[in-house]
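*Asks:* A predicted structure for the sequence below; I have some questions about it.
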Amino acid sequence: MITLIRNDSFYIHEFALRYTMSGIDTVHFGVTGELLRNVTLMPRPAAMVHYKNDRPVITHGHEKFAWVKNGLVLQVAGGGYLALNAFNTARDKERLFTASNTPRLIAGAFVFLVGRVLQMSYRQHLQLGRKYHLEYIDLSVVAERAF
């Protein structure tokens with residue numbers, strides 16, 4: 001929870017909820033101050049941040065089509081098709097790399113590689129820099145100008 005915001009810094013009161021057999025327990029870690037220039041990553045707007053062993057973990061949360069965006073579906077489909085093709089070829093006691101089977105293997109490998117490229121390019125966080133940045137806007141000055 002953010003407790004105080006200054007021109008170039010903000011103060012966070014860190015706490016974690018722990019679920020036990022007897023109920024919910026709140027653990028407070030105290031107040032820490034951070035400079036705006038030291039913040040380099042922010043979670044995506046649809047991401048959920050929860051704590052596991054007192055460390056923040058970012059999950060997909062309510063992000064739509066996250067399993068397609070991160071390439072998992074394509075990797076499973078491509079790898080599954082390749083494994084099924086190899087299994088069926090071995091079961092029928094045929095050679096794996098024949099003229100009729102090679103295009104199918106290439107298609108399965110292509111789908112898997114597209115999923116891998118998506119996985120490498122997908123980020124669960126926003127990198128602060130050129131495109132995204134944090135900026136302090138003093139609302140008291142804005143409110144004085146309005147009147």
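*Replies:* Right, received. Where do you want to start?
*Asks:* residue ranges of the helices in the protein, please?
*Replies:* Listed in chain order, the helices of the chain (DSSP state H) span 66-69, 72-91, 102-121, 139-146.
*Asks:* Show me what the mean pLDDT comes to for the last one.
*Replies:* In other words, helix 139-146. Mean per-residue pLDDT for helix 139-146: 67.
*Asks:* what do you get for stretch 18-38?
*Replies:* Taken as a whole, stretch 18-38 has an average pLDDT of 82.
*Asks:* repeat for stretch 43-53
*Replies:* For stretch 43-53, mean pLDDT is 76.
*Asks:* same check, this time on stretch 98-116
*Replies:* Stretch 98-116 carries an average pLDDT of 95.
*Asks:* Can you tell me what sits against it?
*Replies:* Contact with stretch 98-116 is made by 71-79, 81-82, 85, 89, 94-97, as judged by Cβ atoms under 8 Å, 6 or more residues apart in numbering. In this view, the C-beta of every residue, glycine as well, is placed from N, C-alpha and C.
*Asks:* With just CA atoms, put it into CSV.
*Replies:* Output in CSV follows, covering the C-alpha atoms of stretch 98-116 (Å, rounded to 0.1, in the frame of the first residue of the first chain):
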residue,chain,number,x,y,z
THR,A,98,9.7,-40.1,-46.2
ALA,A,99,8.6,-37.9,-49.1
SER,A,100,5.0,-37.9,-47.9
ASN,A,101,5.7,-37.5,-44.2
THR,A,102,8.4,-34.7,-44.3
PRO,A,103,5.9,-31.8,-45.1
ARG,A,104,3.9,-32.9,-42.0
LEU,A,105,7.0,-32.9,-39.8
ILE,A,106,8.0,-29.5,-41.2
ALA,A,107,4.5,-28.1,-40.4
GLY,A,108,4.5,-29.4,-36.9
ALA,A,109,8.0,-28.0,-36.3
PHE,A,110,6.9,-24.7,-37.8
VAL,A,111,3.9,-24.4,-35.4
PHE,A,112,6.2,-25.3,-32.5
LEU,A,113,8.8,-22.7,-33.5
VAL,A,114,6.1,-20.0,-33.9
GLY,A,115,5.0,-20.8,-30.3
ARG,A,116,8.6,-20.6,-29.2
